[in-house]
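Enquirer: missing the sequence, but the structure's below:
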């Protein structure tokens, strides 16, 4: 399983709530197209938004990263935030 984690820090909780809704709607439309196995979006009291995406294969993850620039571009044009992202490989659990 492969995971991509995006952490965004917004100016406040209200901005984070609006951004989380935007992310949920935009990424929800990409679940089938990019074979996303899991999508979790959480909001922190300090105005943070964490997006956790899981993919079955590295090819699915790469396909998402290569073809989701429209989402990230729209997010950047619409909101003021600081961002950090991580890619994580986790072995299958049996």
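Expert: Cool, the structure landed. Computed from a predicted structure; not experimentally measured. Residues are numbered from 1 along each chain as shown.

Enquirer: contact partners of the helix or strand hosting residue 61?
Expert: Assigned by DSSP states H and E, residue 61 falls within helix 58-67. Helix 58-67 is touched from outside by 2, 4, 30, 34, 35, 36, 53, 55, 87, 89, with contacts defined as Cβ atoms under 8 Å, 6 or more residues apart in numbering. Every residue, glycine included, has its C-beta placed from N, CA and C.

Enquirer: again, 6 Å this time
Expert: Identification of contacts with helix 58-67 by Cβ atoms under 6 Å, 6 or more residues apart in numbering yields 2, 34, 35, 55.

Enquirer: isn't residue 7 right up against residue 84?
Expert: Yes. Between residue 7 and residue 84 there is a contact at 4.6 Å, judged by Cβ atoms under 6 Å.

Enquirer: neighbour count winner among those two?
Expert: residue 7 (16 against 10; other Cβ atoms under 10 Å).

Enquirer: low-confidence stretches in the chain?
Expert: Counting by pLDDT under 70, the chain shows low-confidence ranges at 88-94.

Enquirer: for this structure, what spans make up the strands?
Expert: Remark: strands assigned in the chain by DSSP state E are 2-10, 36-43, 48-55, 81-89.

Enquirer: strands paired with the third one, and their directions?
Expert: Strands flanking strand 48-55 in the sheet, each with its direction: strand 2-10 (antiparallel), strand 36-43 (antiparallel) (DSSP bridges).

Enquirer: which of the ones you listed is buried the deepest?
Expert: With neighbours defined as mean count of other Cβ atoms under 10 Å, the strands paired with strand 48-55 peak in mean count at strand 2-10, which reaches a mean of 18.

Enquirer: list the contacts for residue 37?
Expert: Residue 37 makes contacts with 54, 56, as judged by Cβ under 6 Å, 6+ apart.

Enquirer: any idea how far it lies from residue 60?
Expert: Per Cβ to Cβ, to the nearest Å, residue 37 is found 8 Å from residue 60.

Enquirer: go on, residue 48?
Expert: For residue 48 relative to residue 60 (Cβ to Cβ), the value is 26 Å.

Enquirer: list the buried residues of stretch 40-55.
Expert: When burial is assessed from 16 or more other Cβ atoms under 10 Å, stretch 40-55 yields the following buried residues: 41, 43, 47, 48, 49, 51, 52, 53, 54, 55.

Enquirer: noted, bye for now.
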